[in-house]
Every structure is written in C-alpha cells, then in structure tokens.
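> Provided below are the primary sequence and the corresponding predicted coordinates.
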Amino acid sequence: MSRNALALGTWNVNSLRVRLPHLEQWLATSPVNVVGLQETKIVDADFPAAALDRLGLAGGWHGQRTYNGVALLSKEPVQDIVRGIPGYADDQARVIAGTVRGVRIIDVYVPNGQAVGSDKYRYKLEWLEQLRNYLAAELALHPLLAVVGDYNIAPTDADVHDPKAWDGQVLVSAPERTALGTVLQLGLCDVFRRFEQAEQSFSWWDYRAGALRRNAGLRIDLILANATLAERCTGCWIDVAPRRWERPSDHAPVVASFDLTG
DNA sequence: ATGGCTAACATGGTTAGA
C-alpha cells in the first residue's frame, strides 16, 4: 500500500466493551488507519479511550446507554468532529463525522426498522430522509467524502443469501432500498461493487441456526464515496475472519483503501 | 419449527438486534 494510502474501515462491534479485544486483534493485522464503529453500546463517560489510545487510536465517540452508539477512531488526527445530524433532534446516537487527511468521513448506524410497517420502520425511513438531506449539504462542502457504516439495508438481491426468503422483509423491502437509492443518487458510490467480488459476499450473519456456517448472510455494511474519492478507491473487501473468532460480533468489518496521492 | 443466539440491564426475564 502506497505512502498516501488511506485504509478506511467500518465495523458494527455489537458492544465495544465486549469486542475491545477483537478490535485490538483485528488492528494488529489489518492496514486500517481509520475505522467507524457502530453499536458501541457505551456512554461517553465509560468509553475506553485510554485502552484505545494504547492501540494508537483516537478520535470521537457518541454513545448512549444500552443501545446504538458510534465512534470514529484513527491513527491520525481527526478534525472537526460533529455528533448526530445537525438540526435533527434524534435521541438515538447514530452518527459521528470527522475529517482525516482531508477526507470527510461520516459514520452511520442506520436504524434497524424491526418489521415492515412498524413504528421503528417508519422511524427508519424518516431517519434516512434526514440522512439524505445532511449528506446533500455535506457533499457541497467537502471535495472528498465517505459515508461508512451499518446501513441495515441490503442494496440489491445480490447482497442477500436467499432473496426469496427475504422478499419484502425489513432490510430488503422496496421503500428501504428506494431510500438508500436517494442517498446514492446524491453522487455516492458503493465502492465494494467497483471491484470484482465473490458471489454471496456478506457482512452480517445471524448468530442463530448456523447462519455463518451456511453463509446465510446479508451485505448491509457499506462504504460509500463521492465520485472524486471513489475514483481513488484501490480496493474494497470484507474481513470475514473476525466473525469466526471466539465470541464474535455478528458483523464482519469492511475496508476500502484509497490512494490520496495528488 | 415464528424457533435458533447474543448483549444490556438485572440478577429472571424482557427488549432489541437483523
């Protein structure tokens, strides 16, 4: 990887308290120098900043008790940290943004939605509209922009292990995909699909029913980049290995590398 | 088979995840 390479990761850790050793083990071999975390499930006062500092990571975090929580951590300085979506009074901690080496990075934990038609589903769609408006404004401000995170939407049936079984379900339903489409139409690219990938590539597998063994997964963790940044993307991959470790998160980390030369 | 598993909060059983 070149000197000006930025390796940007995203990982839903499903409790940073539990997964701190996993993060450390992953970083020991992964080239990532910036990572967005989701579902940290820890209030800011208890955030393991000192332990992360010993791993060479600093940045920003935005947490709450029990649920949600995001963090943007880097081996390089993180500037201009913004928590939440400005102007949107959301009591759930789902967004944090910062700038690393001139790249604006927005880390998101999109609501799950629980079930099509539920109150949480309606919140998910409303939340995605707020995200779209936020990203439209951010794209006008930042020449290089990435939006990483757990989108809780499988973009197409190619991102679903069994499209028939999932047809119309939450994470896959047409209104969710349309909402994600309006985000992509702002000029953001799902960089994973810029490269040749194995079929049945997923980033999440249910803990239950041997889903990982059967590769019964979904690709719902995405790295989006604006056109200028996407052109500089040199690779994007899902690191399945940490999903196979002891006491894993149900999500695998995803990484995209960018050549920032010039 | 509407199950299966994991985490938080709590300290048994509920809520939530996806």
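Noted; the coordinates are in hand.
> neighbours of residue A:253, just the number please.
Residues lying near residue A:253 (other C-beta atoms under 10 Å) number 28. Using the backbone N, CA and C atoms, a C-beta is placed for each residue, glycine as well.
> Tell me how far it lies from residue A:139.
Residue A:253 sits 25 Å away from residue A:139, going by C-beta to C-beta, to the nearest Å.
> what's the spacing between residue A:148 and residue A:20?
Going from residue A:148 to residue A:20 by C-beta to C-beta gives 20 Å.
> More neighbours: these two, which one.
Remark: of residue A:148 and residue A:20, residue A:148 carries more neighbours, 28 against 15, as counted by other C-beta under 10 Å.
> Residues touching the helix or strand containing that one, excluding its own?
Assigned by DSSP states H and E, residue A:148 belongs to strand A:145-150. With contacts defined as C-beta atoms under 8 Å, 6 or more residues apart in numbering, strand A:145-150 is touched by A:8-10, A:12, A:36, A:38-39, A:70, A:103-110, A:135, A:138-139, A:183, A:188, A:220-226, A:229, A:251, A:254, A:256.
> same deal with stretch A:50-60?
Residues contacting stretch A:50-60 (C-beta under 8 Å, 6+ apart): A:20, A:23-24, A:27, A:35, A:49, A:71-75, A:77-78, A:81, A:83, A:96, A:98.
> Put the buried members of those residues into a ChimeraX selection.
The following ChimeraX line selects those of those that are buried, judged by 16 or more other C-beta atoms under 10 Å:
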select /A:23,27,35,71,72,73,74,75,78,83,96,98
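> Pretty sure residue A:95 sits against residue A:81.
No - counting by C-beta atoms under 8 Å, residue A:95 stays clear of residue A:81, with 11.2 Å between them.
> and residue A:77, that's in a helix?
No - Residue A:77 is assigned coil when assessed by DSSP: H, G, I helix; E, B strand; the rest coil, not a helix.
> how much space between it and residue A:161?
40 Å.
> So which of the contacts of stretch A:50-60 are in helices?
Counting by DSSP state H, the part of those found in helices is A:20, A:23, A:24, A:27, A:49.
> Would you map the strands across chain A?
Secondary structure of chain A by DSSP state E: the strands cover A:5-12, A:34-38, A:58-62, A:70-74, A:79-83, A:95-100, A:103-109, A:145-150, A:188-190, A:204-205, A:217-218, A:221-226, A:233-238, A:254-259.
> Tell me how confident the model is about the first one, as a mean pLDDT.
Across strand A:5-12, pLDDT averages out at 98.
> Adjacent strands (with direction) for that strand?
Counting by DSSP bridges, the strands paired with strand A:5-12 are strand A:34-38 (parallel), strand A:254-259 (antiparallel).
> Would you mind finding the most buried of the ones you listed?
strand A:34-38 (a mean of 29; mean count of other C-beta atoms under 10 Å).
> That strand to strand A:58-62, inter-axis angle?
20 degrees (axes from the mean of the first three to the mean of the last three C-alpha atoms, to 10 degrees).
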